[in-house]
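Engineer: build me a model from this:
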Amino acid sequence: MKQKIIAAALAFGLGSAGAFAHDDGRSGKPADTHQRQESKGHGAQFGKPGDAKKVTRTIEVGMGDDMRFKPPNIQVKQGETIKFVVKNHGTLTHEMVLGTMKELKEHAALMRKSPEMEHDDPNAVSVEPGKTGALIWQFTKAGTFDYACLVPGHFEAGMVGKIIVSR
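Structural biologist: Numbering: from 1, shown residues only. Predicted structure coming up:
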């Protein structure tokens with residue numbers, strides 16, 4: 001299984017570009033859980049994992065089988081540490097993954113090749129039907145960024161949103 005996942009990453013040319021490692025031997029995580037190889041990680045262009053003690057605001061995000069996020073656009077201020085409370089109102093598993101559109105597209109393509117992979121990244125939360133999850137992120141740079149559900153078929157169906165970070 002591990003070889004299939006690594007082969008899929010290399011097939012997309014992501015292995016040397018900071019693709020998701022499937023087990024670095026130190027994490028103790030199952031081989032089908034992917035993590036970033038590089039220290040910057042997903043979403044590093046606009047922020048970093050947040051500290052729960054420094055949360056400045058909580059934003060609720062709904063997900064459903066209509067393949068939409070509610071709200072589809074989120075506004076935050078540079079420097080804010082946001083706790084996203086992510087509720088899955090659907091009957092399918094959904095997730096919220098923060099990243100640039102380029103990262104999200106690459107990751108979605110990898111997920112289509114290896115749909116059994118699970119996220120173990122600080123910029124992502126996967127939520128089972130009827131459950132709630134949380135994601136804490138500090139937005140360190142201004143700009144417009146993205147989030148998406150990368151479960152195979154969901155991104156392609158339009159399950160994406162924007163985060164506008166103002167100064």
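Engineer: specify the beta-bridge partners of Val76.
Structural biologist: On the basis of DSSP bridges, Val76 is bridged to Val165.
Engineer: my read: it touches Leu98, true?
Structural biologist: No. If you go by C-beta atoms under 8 Å, Val76 and Leu98 don't touch, sitting 11.3 Å apart. The way it works is simple: take the backbone N, C-alpha and C, and place the C-beta from them, glycine included.
Engineer: what about the strands in the protein?
Structural biologist: Listed in chain order, the strands of the chain (DSSP state E) span residues 20-21, 33-36, 47-49, 57-63, 69-70, 73-77, 81-88, 94-99, 118-119, 124-127, 132-139, 143-148, 160-166.
Engineer: tell me which residues of stretch 155-162 are tucked away?
Structural biologist: Within stretch 155-162, the residues scored as buried using 16 or more other C-beta atoms under 10 Å are 155, 159-161.
Engineer: equivalent analysis for stretch 74-85, please.
Structural biologist: Neighbour counts over stretch 74-85 (16+ other C-beta under 10 Å) mark 74, 76, 80-84 as buried.
Engineer: tell me if I'm right that Lys162 and Thr144 touch.
Structural biologist: Yes. Under the criterion of C-beta under 8 Å, Lys162 makes contact with Thr144 at 5.9 Å.
Engineer: check what pLDDT the closest residue to Pro129 other than its chain neighbours gets.
Structural biologist: Of all residues beyond its chain neighbours, the one nearest Pro129 is Thr91 (5.0 Å), with distances taken as C-beta to C-beta, 6 or more residues apart in numbering. pLDDT, the model's per-residue confidence, is 98 for Thr91.
Engineer: number of nearby residues for Thr91?
Structural biologist: 9 (other C-beta atoms under 10 Å).
Engineer: any idea how far Met159 is from it?
Structural biologist: Relative to Met159, Thr91 is positioned 15 Å away (C-beta to C-beta, to the nearest Å).
Engineer: ok, Lys70 next?
Structural biologist: Lys70 sits 11 Å away from Met159, going by C-beta to C-beta.
Engineer: perfect, I'm done here.
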